[in-house]
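Show me the folded form of this:
(one chain, ligands or ions: 2)
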Amino acid sequence: MQYLTVLGSTGSIGTSTLDVVARHPDKYQIVALTANRQVDLLFRQCVQFKPRYAVLLDEVAVAQLRVLLRDAGLKTEVLCGVDALETVSVLPEVDAVMAAIVGAAGLRPTLAAARAGKKILLANKETLVMAGNVFMDAVRLSGSALLPIDSEHNAIFQALPRGYNGDMAGSGVRRILLTASGGPFRTTPLNELQHVTPEQACAHPNWVMGRKISVDSASMMNKGLEVIEAHWLFNAPADDIQVVIHPQSVIHSLVEYVDGSVLAQLGNPDMRTPIAYGLAYPERIASGVAPLDLFKVATLDFVEPDFERFPCLKLAYQALRAAGTAPAVLNAANEIAVAAFLDRQIPFLFIPRVIEAVLDALPVNTVGCLDDVLGADSAARHAAQQQISELIK
Ligand code: NAD
Ligand code: MG
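Numbers count the residues shown, from 1 in each chain. Ligands and ions are numbered 1, 2, ... in the order given. Below you'll find the model as predicted:
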């Protein structure tokens, strides 16, 4: 039996995780579930999975959940706040933590799980973007097993030699080919991008995801964050990570070897595949995902990315090359800009403008510890808010 904490259980990845878990009650048991403030869904999850703990970030929501649980006769203990997220990530009875909180809020509990030596199923890419070296050092030091859940990184993990140790050259790996669907605006001309709405940005052609990552996919910042994520996971320099636009989202990424071999992982675009892979690794379990019908897919297309229409991708490569706190600044400015876009405060094309201005305004410092990252994160949030106020004046 594997005992699990699911951070962000009410989100897109969280619910997919519980869907896979529910198919294997003989293999997995839930110890803790967490959410920001979605009381009703978290309550239903508690009824189904009977966790020992449920965590919410909102005090009103905590009180509501306690009443619902008491009336239902459930013993789940409800905890509140950021510290509680860490508490349930390091419990001695927990074997594995699914890190599926969205954004920078996922960093602390995910890092705590790594320090405690838990097996980590990493969906929260922002942890690696913000604090790649701190997090990877913690994983190495504690001996945590780190399983990438982001579909591209899961594909790369599967296509790399088993036991890959970060030595690309020594493993005969030449390049990582990171596929991208191109998002809902893959073919939209630049002048039309100015007027797109949050609803259009969130209507992804192939994947159903949370709103923040959906906007990131539309701006291609998601791919930019994933380039940085791949850098840390696989010790790959920016120059050896090639983004490939592949609109069908059937190939989830590829690894190119020095002998000319290119290994890919294919499947229907459904996050339950990488989730099941991570849960069961090194075994394989059923995920509920329909088999891939190649005859129905019929055609696979590949196109080079357009850095002019998608400046966020360029900014992410720049931040990775600048290193230090630059990726944390990029991530924080992006979170603020995306939230402002979703709130209809700024148009879509202001997202890269805000990020670029913040990257230009803030110094690049070295990252020695978590505080360096958190300092850069908060300075960048402040600078991004200022930029937005000026842009919409
Ligand atoms: P989502 O918005 O659907 O869910 C986010 C979860 O985090 C929810 O349970 C929410 O309650 C919780 N949460 C939100 N803000 C919080 C806060 N401040 N403190 C604590 N909890 C908070 O997001 P998602 O699409 O499931 O994405 C989760 C993570 O997985 C993101 O980092 C995303 O980049 C990554 N990811 C998602 C997908 C996908 O298909 N959805 C694919 C690859 C990677
Ligand atoms: Mg992805």
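
Please work out which residue of the stretch 251-393 of the chain is closest to ligand 2.
Going by Cβ to the ion, ligand 2 is nearest to His252 of the stretch 251-393 of the chain, at 8.1 Å. The C-beta positions use only the backbone N, C-alpha and C, and glycine is treated the same way.

what do you get for the stretch 51-200 of the chain?
Counting by Cβ to the ion, the stretch 51-200 of the chain gets nearest ligand 2 through Asp150, at 4.2 Å.

Determine the number of other residues adjacent to that residue.
Using other Cβ atoms under 10 Å, Asp150 has 26 neighbouring residues.

I'd assumed Val227 was in contact with it.
No. Here Asp150 does not reach Val227: they are 11.5 Å apart, not a contact under Cβ atoms under 8 Å.

For the residue of the stretch 51-200 of the chain closest to ligand 2, which phi and psi angles does the backbone take?
Backbone torsions of Asp150, given as degrees, to the nearest 10, read phi -50, psi 130.

Distance of it relative to Asp167?
22 Å (Cβ to Cβ, to the nearest Å).

contacting residues for whichever residue of the stretch 151-300 of the chain sits closest to ligand 1?
Of all residues in the stretch 151-300 of the chain, the one sitting closest to ligand 1 is Gly210 (2.6 Å; Cβ to the nearest ligand atom). Residues counted as contacts of Gly210 (Cβ atoms under 8 Å, 6 or more residues apart in numbering) are 11-13, 102.

same thing with Leu315?
221, 224, 330, 352, 355-356, 359.

so when I look at Pro327, I'm seeing a strand, right?
No. Counting by DSSP: H, G, I helix; E, B strand; the rest coil, one finds Pro327 to be helix, located in no strand.

pretty sure it is touching Val129, no?
Yes. Shown here, Pro327 and Val129 form a contact pair, counting by Cβ under 8 Å, at 5.0 Å.

For the closest residue to the residue of the stretch 151-300 of the chain closest to ligand 1 other than its chain neighbours, give me phi and psi.
Distance criterion Cβ to Cβ, 6 or more residues apart in numbering; nearest residue to Gly210, sequence neighbours excluded, is Ser12 at 4.9 Å. The phi/psi pair for Ser12 (degrees, to the nearest 10) reads phi -60, psi -50.

can you pull out the strands in the stretch 1-150 of the chain?
2-7, 28-35, 53-56, 77-80, 96-99, 119-122, 146-148 (DSSP state E, counting those that start in this stretch).
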